[in-house]
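Enquirer: Have a look at this fold, sequence not included:
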């Protein structure tokens, strides 16, 4: 059974005031997310990511198509008890403390007072909120509110967690802590579905991704497969390489780029046609030392930019004729 399934999920809005016209927010989205996956839902701002999450949460309703969570329709009450959700811009009552907020959400799930306090304390520790948990939320920064928002999404120990731009507003340390938290959720068997336009987070976390552009799904699959066919060369980092030796080798071997990393230390970019072992033999003979050898491949960002650029530009729909 899939943790999340959508079939031809579509959402149209009507925009404009004097002259109303239909606008395509999401068209024919079909996705299957397995249990225990960290699934990245990627796209630029306005691609339809938040619309999809709102449809899955039943905050809005589809024009057509359907969606299921844990094998049940998205509106099923029992399913709602088994999921967690962080909206893109969480807003909480300013005069509650972080502790009070989480205990309030715990009460909505029916947990007794002692258990609510234990869950709130443990989750605030996990997201890195220390003594500040006793401050009113109006005194929190955006990054701290984001951490509290992630904690409230986990108060019921959900089986499926939906996170809309979870790294928004976090500093580098906070981003690392939330990445580690997501991996811990995966290790305990939870499914994490998160949307983002920060591609490095998806590269670090996801087993599979989907790329959305202008309301349409343009690519989907295992991250390793999306990146694998983009290998384009080699990066060779060497030390103790004399400039004269580099110049001599460049005359006989095609070096696309040589970047100085410090005294007698270079990063050499080579095409796929060059056999690295042969070049390493020449470098070793001239006293150079290998630091690292890595395949050069397009990043998820390269793939993302190409797919977005190739997506159809028009998101309007023809008006329905009476």
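Expert: Perfect, I can see it now. The shown structure was predicted, so the numbers you read here are calculated from the model rather than taken from an experiment.
Enquirer: Every contact and neighbour count from this point should use C-alpha atoms.
Expert: Noted.
Enquirer: Go ahead and name everything in contact with the strand or helix carrying residue 125.
Expert: Following DSSP states H and E, one finds residue 125 within helix 113-126. With contact meaning CA atoms under 8 Å, 6 or more residues apart in numbering, helix 113-126 is reached by 99, 102-103, 106-107, 130, 133, 148, 151, 154-155, 181.
Enquirer: Which one of the residues you listed is nearest to residue 218?
Expert: residue 181 (28.9 Å; CA to CA).
Enquirer: which residues sit in contact with residue 65?
Expert: So residue 65 contacts 6-10, 28 (CA under 8 Å, 6+ apart).
Enquirer: Among those, name the ones in strands.
Expert: Using DSSP state E, the members of the contacts of residue 65 that fall within strands are 6-10, 28.
Enquirer: who wins for most neighbours among these?
Expert: residue 10 (24 neighbours; other CA atoms under 10 Å).
Enquirer: The closest residue to that one other than its chain neighbours - how many residues pack around it?
Expert: The shortest distance from residue 10 to any non-neighbouring residue, by CA to CA, 6 or more residues apart in numbering, is to residue 27 (4.5 Å). The number of residues packed near residue 27 is 20, by other CA under 10 Å.
Enquirer: Wait, residue 27 touches residue 216, no?
Expert: Yes - Residue 27 lies in contact with residue 216 (CA atoms under 8 Å); the separation is 5.6 Å.
Enquirer: hang on, the earlier thing: residue 9 versus the residue nearest to residue 10, what's the distance?
Expert: 7 Å (CA to CA, to the nearest Å).
Enquirer: Below-threshold pLDDT in the stretch 1-150 of the chain: ranges please.
Expert: For the stretch 1-150 of the chain, no stretch has pLDDT under 70.
Enquirer: And for stretch 9-16, what's in contact with it?
Expert: 20-30, 51, 61-67.
Enquirer: At which residues are the helices of the stretch 201-322 of the chain located?
Expert: Using DSSP state H, counting those that start in this stretch, the helices found in the stretch 201-322 of the chain span residues 223-228, 243-252, 276-285, 300-310.
Enquirer: can you put the ones you listed in TSV and add distance to residue 185, mean neighbour count and mean pLDDT?
Expert: Putting the helices of the stretch 201-322 of the chain into TSV (distance: least, CA to CA, whole Å; neighbours: other CA atoms under 10 Å; pLDDT from 0 to 100) gives the following:
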stretch	distance to residue 185	mean neighbour count	mean pLDDT
helix 223-228	19	15	73
helix 243-252	48	12	86
helix 276-285	40	14	86
helix 300-310	23	15	75
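Enquirer: hmm, back to that, which helix or strand lies directly C-terminal to the helix holding residue 125?
Expert: That would be, after helix 113-126 and using DSSP H and E, helix 142-153.
Enquirer: thinking again about what came up before, let me know the closest of the contacts of residue 65 to residue 167.
Expert: Closest approach between those and residue 167, by CA to CA: residue 6, at 24.9 Å.
Enquirer: how about the nearest residue to that closest one, chain neighbours excluded?
Expert: Distances taken as CA to CA, 6+ apart place residue 67 nearest to residue 6, at 4.2 Å, with adjacent residues excluded.
Enquirer: Name the residues of stretch 164-177 that are buried.
Expert: 164-170, 174-175, 177 (16 or more other CA atoms under 10 Å).
Enquirer: Looking at these, spot the one nearest residue 270.
Expert: Of the buried residues of stretch 164-177, the one sitting nearest to residue 270 (CA to CA) turns out to be residue 175, at 33.4 Å.
Enquirer: doesn't residue 181 make contact with the closest one?
Expert: No - assessed by CA under 8 Å, residue 175 is found out of contact with residue 181, at 9.8 Å.
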